[in-house]
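Engineer: I would like the atomic coordinates for the input below:
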Amino acid sequence: MTGTYGATYGRGASTYARVGVESGVMSASPHQLITMLFDGAQAAIRAARIHLEAGNLAEKGKSISKALDIVNNGLLAALDGEHGGEVAGNLASLYEYIARRLLAANAHNDVGALDEAERLLDDIASAWRDIEFQAAGA
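Structural biologist: Below you'll find the model as predicted:
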């Protein structure tokens, strides 16, 4: 695709994708929204690893920043310290640790720190998905 048609198609496809994501968010339950945050953080970490291994440090930094934003302003911010009790406190500590590992990965180009952050997020996300599955079956 070249010329105006290609540019128009590209804009249309990107708008369609954005609307699809926005529609998914609008129709998602609170539980599904948290699942989407986990998915987004993990995708950003995978992208950071790919950029790091390719030597594209600027894009690595952008991907880690995205993961940090999701962890800090999504997952951590969604915790209910008032009603969540000890579980919310433990998750807050874990999210803060994950954020520190992401910062270390960015500062030192440390694939191991990325791996650890992704593994921890995967463990929490798996437990979160199990809760949804159990609630649906109940």
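
Engineer: helix or strand for the residue nearest the centre of the chain, which one?
Structural biologist: Of all residues in the chain, the one closest to the mean position by C-alpha atoms, centre = their mean is Ala41, 1.5 Å from it. In this structure, Ala41 sits in helix 30-54 according to DSSP states H and E.

Engineer: now swap in Asp115 and tell me
Structural biologist: helix 111-137.

Engineer: Quick check: buried residues in that helix?
Structural biologist: Using 16 or more other C-beta atoms under 10 Å as the test for burial, helix 111-137 gives Ala113, Leu114, Glu116, Ala117, Glu118, Leu121, Ile124, Ala125, Trp128. No exception for glycine: its C-beta is placed from N, CA and C like everyone else's.

Engineer: Next, the contact list for the last one, please.
Structural biologist: When you say that, I think you mean Trp128. Applying C-beta atoms under 8 Å, 6 or more residues apart in numbering to Trp128 gives the contacts His31, Ile34, Thr35, Phe38.

Engineer: Same list (these) but as JSON lines, adding distance to Tyr95.
Structural biologist: What follows is these, written out as JSON lines (distance: C-beta to C-beta, whole Å):
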{"residue": "His31", "distance to Tyr95": "17"}
{"residue": "Ile34", "distance to Tyr95": "12"}
{"residue": "Thr35", "distance to Tyr95": "15"}
{"residue": "Phe38", "distance to Tyr95": "11"}
